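> need a structure here:
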Amino acid sequence: MTISKSVVVNLISIFLSDFPDCFRQYLVSKLKWEKLGLVNGKIFVNSYFPPFPSRAFESVRKAWRCTMNGTTVPEIATIAITNKCPYDCEYCSVPDKTVCDLPTGSLIQTIHSLQKMGTYHFSLTGGEPLLREDLIDIVNSVDSRSIVKLFSTGYSLTKKRAKALKEAGLFSINISLDNIDPQKHDAGCNYDGAFDIALNAIQYSKAASLLTCVATVVTKERIRSGEIFRFLEFMRELDVDEVTIFEPIPTGKLAFCDNAILGDNERGLLKLLHKDANGSQDNKYPRIFSFPYVESSEYMGCGAGCTRLHITALGEVMPCDFTQVTFGNIQKEQIKTIWKRMNKTFEKPSSGCFALDNYKLLRESNHKASDIMDSHHIYMNEEVVKKNELPAFYDNLMNNEELIVSSVVENTAKNTNPTDGADKFAASAR
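Take a look at the predicted model:
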């Protein structure tokens, strides 16, 4: 079900009433490229942001408020809860599938700490996260201040497990699927039957009323052959709620595959796909979240190390899962201490994927793709991180002259509850 964008404009004016007009107007201008919908009776833009009104969306508002005042928080945390996986995917960024998993208690303690720090979105990845027997407990440990997404191949998902994950609080699941041709997908995973496993997982997820998404890596060949368009039509036929589009990143198994990197025209097409699919009224394609568009200068850019972090299955804390540089380990230090250290290097979001823009620098410092580098031993040119222009989203949020005095905001907050009005508008949309 789609939602009237005029309703969301009203919601923005309520929820973000203490933000500058220019920022609110910017957000409204971007809505034409988003396909709004309902999940559990609440309005949502895509699976990476909490629905509203909700307690988790209030966490978004607080995080943006911190950014506006010059302090960023780890808004999004991806956690590889295991490296184990029966597949051997060609795009995998996991260097070693033999390592032991972090203890449940350590993971849950870190999750609670991140929630206190302001994280509103957790992505649980692997390896194959469904292989952890304590997955339900991990998902259940995240309270309503945040949403939880699961990245999976679909391997070992059953109807019963999907229902249990939903009941534990899982918000969405991303099933990996990289071609409409079963043989090509299986070959890319190096696992016979991977295609059918993914399709079954999609059906189990839908049956459990989970927000069901597909993650796909779009290569040059998929664009040139037109397969990506047929793929998206097929996803619509399967009633997939959303497709996340990734582009090949030269890390992990692709660390030395420069020819896999998309050109400007190919990347531009993936940006247009986001806009065309979400802005069109014909519903030919499902909702699309295209990272080449979202991380571009015209939108949110890349928040690696600044508004997001990644924790490996060994506990190493990195800017993102594609930037193999560790700033500390949660088994040795508190996540808050590590975050502060990393945040000093990544002080602001950058326009464009950091790992993609700096892969040569990273590669020169690490000749073995399987290694994770220590931040103290890498030649991390600080000018690369700091001189990059702010993406439009953060430029409107951080660099404006309408900054409201904190005391005024606090007084307003005491007398108004944005959720009250928002509930009424949300109800009118249903």
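> quick one: the strands in the stretch 201-350 of the chain?
All strands of the stretch 201-350 of the chain, identified by DSSP state E, counting those that start in this stretch, fall at 211-217, 242-246, 287-290, 308-311, 317-318, 325-326.
> of all the ones you listed, which one is nearest Arg132?
strand 308-311 (14.1 Å; Cβ to Cβ). (C-beta placed from N, C-alpha, C; glycine too.)
> so what does that closest one touch, helix or strand wise?
When contacts are defined as 3 or more Cβ pairs under 8 Å, 6 or more residues apart in numbering; DSSP states H and E, strand 308-311 sits against strand 76-80, strand 317-318, helix 335-345.
> for the last one, which helices and strands make contact with it?
Looking back up the chat, that one is helix 335-345. Using 3+ Cβ pairs under 8 Å, 6+ apart: helix 335-345 touches helix 104-117, strand 308-311, strand 317-318.
> so which of the ones you listed is nearest Lys340?
Among these, if distance is taken as Cβ to Cβ, the winner is helix 104-117, at 10.0 Å.
> ok, then the element right after that closest one?
strand 121-125 (DSSP states H and E).
> pull the longest helix from this protein.
helix 264-279 (DSSP state H).
> any idea how far that one is from the chain center?
With Cα atoms, centre = their mean, to the nearest Å as the basis, helix 264-279 stands 18 Å off its chain's centre.
> ok, residues contacting that helix?
With Cβ atoms under 8 Å, 6 or more residues apart in numbering as the test, helix 264-279 has contacts from 32-35, 218, 220, 223, 228, 232, 245, 247, 262, 284-290, 292-294, 296.
> rounded mean pLDDT for that helix, please.
Taken as a whole, helix 264-279 has a mean pLDDT of 96.
> for it, which positions count as buried?
266-267, 269-271, 273-275, 277-278 (16 or more other Cβ atoms under 10 Å).
> correct me, but Asn174 touches Val148?
No: between Asn174 and Val148 there is no contact, the gap being 11.6 Å when judged by Cβ atoms under 8 Å.
> closest one to Thr158 among the helices and strands packed on helix 335-345?
Of all these, helix 104-117 comes closest under Cβ to Cβ, at 21.4 Å.
> give me the residues contacting the closest one.
73-74, 77, 79, 81, 122, 134, 137-138, 141-143, 145-146, 311, 315, 330-331, 334-336, 339.
> try it again with 6 Å
By Cβ atoms under 6 Å, 6 or more residues apart in numbering, the residues outside helix 104-117 that reach it are 73-74, 77, 134, 138, 141-142, 145-146, 330, 335.
> and the furthest pair within those?
Every pair of these checked by Cβ to Cβ; the farthest is Val73 and Asp134, at 27.0 Å.
> quick one: which of the two has more around it?
For Val73 and Asp134, the more surrounded residue by other Cβ atoms under 10 Å is Val73, and the numbers stand at 21 against 16.
> ignoring the adjacent residues along the chain, who's closest to the more buried one?
Distances taken as Cβ to Cβ, 6 or more residues apart in numbering place Gly118 nearest to Val73, at 3.5 Å, with adjacent residues excluded.
> same check on Ser290?
Closest to Ser290 by Cβ to Cβ, 6+ apart is His274, at 3.7 Å.
> ok, that neighbour to Leu390 distance?
Computed as Cβ to Cβ, to the nearest Å, the His274 to Leu390 distance reads 20 Å.
> same check on Gly279?
For Gly279, the distance to Leu390 - Cβ to Cβ - is 25 Å.
> check Lys348 too.
According to Cβ to Cβ, Lys348 stands 6 Å off from Leu390.
> more neighbours, those two?
Counted by other Cβ under 10 Å, Lys348 and Leu390 do not tie: Lys348 has more neighbours, with 21 against 17.
> on that earlier part again, to His185, which of the helices and strands packed on helix 335-345 lies closest?
Per Cβ to Cβ, nearest to His185 of those: strand 308-311, 25.3 Å.
> now find how far off-centre the closest one is within its chain.
10 Å.
> do the same with stretch 49-64
In terms of Cα atoms, centre = their mean, the centre of stretch 49-64 is set 15 Å apart from its chain centre.
> for it, which positions count as buried?
Applying a neighbour-count criterion of 16+ other Cβ under 10 Å, one finds 49-54, 56-61, 63-64 buried in stretch 49-64.
> is it possible to get a markdown table of the residues you listed that adds secondary structure?
Below are the buried residues of stretch 49-64 laid out as a markdown table (DSSP: H, G, I helix; E, B strand; the rest coil):
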| residue | secondary structure |
| --- | --- |
| Phe49 | coil |
| Pro50 | coil |
| Pro51 | coil |
| Phe52 | strand |
| Pro53 | coil |
| Ser54 | coil |
| Ala56 | helix |
| Phe57 | helix |
| Glu58 | helix |
| Ser59 | helix |
| Val60 | helix |
| Arg61 | helix |
| Ala63 | helix |
| Trp64 | helix |
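> of those, closest to Ile202?
Pro51 (21.0 Å).
> distance of the closest one relative to Ser4?
Note on Pro51: its distance to Ser4, by Cβ to Cβ, is 16 Å.
> quick revisit: drop anything exposed from the contacts of helix 264-279.
33-35, 218, 223, 228, 232, 245, 247, 262, 285-290, 292-294, 296.
> on that earlier part again, just the contacts of helix 104-117: which are in strands?
In this view, these that belong to strands under DSSP state E are Ala77.
> can you tell me the closest non-neighbouring residue to Gly193?
Closest to Gly193 by Cβ to Cβ, 6+ apart is Asp186, at 6.7 Å.
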